[in-house]
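Colleague: Just to be clear, the model below is a prediction. Sequence and coordinates:
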Amino acid sequence: MKIKVALEWFVNPDHLAMIAGVHSGKYKEAGLEVEIIEPKEHYDGFEDLKSGKIDIHCNEPLHLFEHHFDGIKSLGCFFQTRGGVMMRASSVSKLRANEKIKITTPASNPTTNKLGFEILKRYAKKNHFTIDVKNVEFVETDFWHLKNLRDDESFDGAWLCFYNFEGVEARELGFENLFIDQFESPYPNFSALEFMSTEGILEQKGEAICEFLRVTNEMSSYVKANPLEAKTIYYDYTKQEQTKLMDEIISETLSRLETDIVSDSKRWRDLYEFLEELELVKLRDDEYARIWQAKGH
């Protein structure tokens, strides 16, 4: 059976379990023809899921709530890392002095900017200083955070950073920074990727999606246990040139892959309450509950 999976962005090591499933033929052995689709924009998958153009979408768990629609279902989290705002080390004093700072981000909109500021504000409160929202400017660029920070010294930081990418890259490049994640700022982590589908799709393809999750769990365990082969699989599939940096990113990412992908109403409850507190989302209790009642797996 055909299963179309839309990613949140471009193919990268976060998707290694799926890549391995396609590359090894394990999905085909389970009777599945899995197509991995790269979107043009970060949120394209939600409309495609709603309209039935795809069967599964993967994106950060906060978007289960922000882009909620009737019938959306969580299938479970397959990857989780540390994430947050990376501040240039020399700009931390500007942050502490409540001076104007400029942050590069791949997505600048009211919701994303509010989250980024909240992380900085909570970090400030924890460290006994304050910052004003008018002094923090988010500038939409792209996902090449370290390149933007190194090429343009007017940027004081980068928002929407995943440690397994930007944290590793900064370490390898010797870029001095303060990585403000959930350990530095008291907020519930949402730097993860969740599989999502719909009630209608699960009614039609529930058994196939159950097989997809089973094989993906199997592949996640396999690549974690075989890191050298995981790298070979990644480079063979993507046709990318092997580099020391990407090798390090893959190694870090493997440790972040989940091997028991399951819909869990408790896992992101704190995150939902955090978003509701910021008045970014508002679901009724029954709407929240129905997200996790996925049939067919």
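Modeller: That came through, no problem.
Colleague: going forward, measure contacts between C-alpha atoms and count neighbours the same way
Modeller: Noted.
Colleague: Buried residues, the helix or strand containing residue 210. List them.
Modeller: Assigned by DSSP states H and E, residue 210 belongs to helix 199-225. Buried residues in helix 199-225, counting neighbours by 16 or more other CA atoms under 10 Å, are found at 199-202, 205-206, 208-224.
Colleague: which helices and strands does the helix or strand following that helix pack with?
Modeller: Later in the chain than helix 199-225, the nearest helix or strand by DSSP H and E is helix 227-238. Counting contacts by 3 or more CA pairs under 8 Å, 6 or more residues apart in numbering; DSSP states H and E, helix 227-238 packs against helix 16-24, helix 199-225, helix 244-254.
Colleague: Pipe these into JSON lines and attach mean pLDDT and distance to residue 56 per row.
Modeller: What follows is the helices and strands packed on helix 227-238, written out as JSON lines (pLDDT from 0 to 100; distance: least, CA to CA, whole Å):
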{"stretch": "helix 16-24", "mean pLDDT": "98", "distance to residue 56": "12"}
{"stretch": "helix 199-225", "mean pLDDT": "97", "distance to residue 56": "9"}
{"stretch": "helix 244-254", "mean pLDDT": "97", "distance to residue 56": "22"}
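Colleague: quick one: low-confidence ranges for the chain?
Modeller: Counting by pLDDT under 70, the chain contains low-confidence ranges at 294-297.
Colleague: same for the biggest strand by length in it, what does it pack against?
Modeller: Longest strand in the chain by number of residues (criterion: DSSP state E): strand 72-80. Packing contacts for strand 72-80, counted by 3+ CA pairs under 8 Å, 6+ apart, involve strand 192-198, helix 285-291.
Colleague: give the contact list for the closest residue to residue 61 other than its chain neighbours.
Modeller: Closest residue in space to residue 61, ignoring its immediate chain neighbours: residue 194 at 5.6 Å, by CA to CA, 6 or more residues apart in numbering. By CA atoms under 8 Å, 6 or more residues apart in numbering, the residues touching residue 194 are 58, 59, 60, 61, 74, 75, 76, 77, 78, 79.
Colleague: and the gap between the closest residue to residue 275 other than its chain neighbours and residue 83?
Modeller: Nearest-residue entry for residue 275: residue 281, 5.9 Å, with adjacent residues in sequence omitted and distances by CA to CA, 6+ apart. To residue 83, residue 281 is 21 Å away according to CA to CA, to the nearest Å.
Colleague: Looking at the two, which is more packed in?
Modeller: residue 83 (24 against 18; other CA atoms under 10 Å).
Colleague: Assess the claim that the more buried one and residue 191 are in contact.
Modeller: Yes. Contact criterion CA atoms under 8 Å: residue 83 and residue 191 qualify, at 5.1 Å.
Colleague: Can you work out which residues contact both of the two?
Modeller: Residues touching both residue 83 and residue 191 (CA under 8 Å, 6+ apart) are residue 162.
Colleague: care to break this protein down by domain?
Modeller: Following automatic domain parsing, the chain resolves into domains at 2-80+191-291, 83-180.
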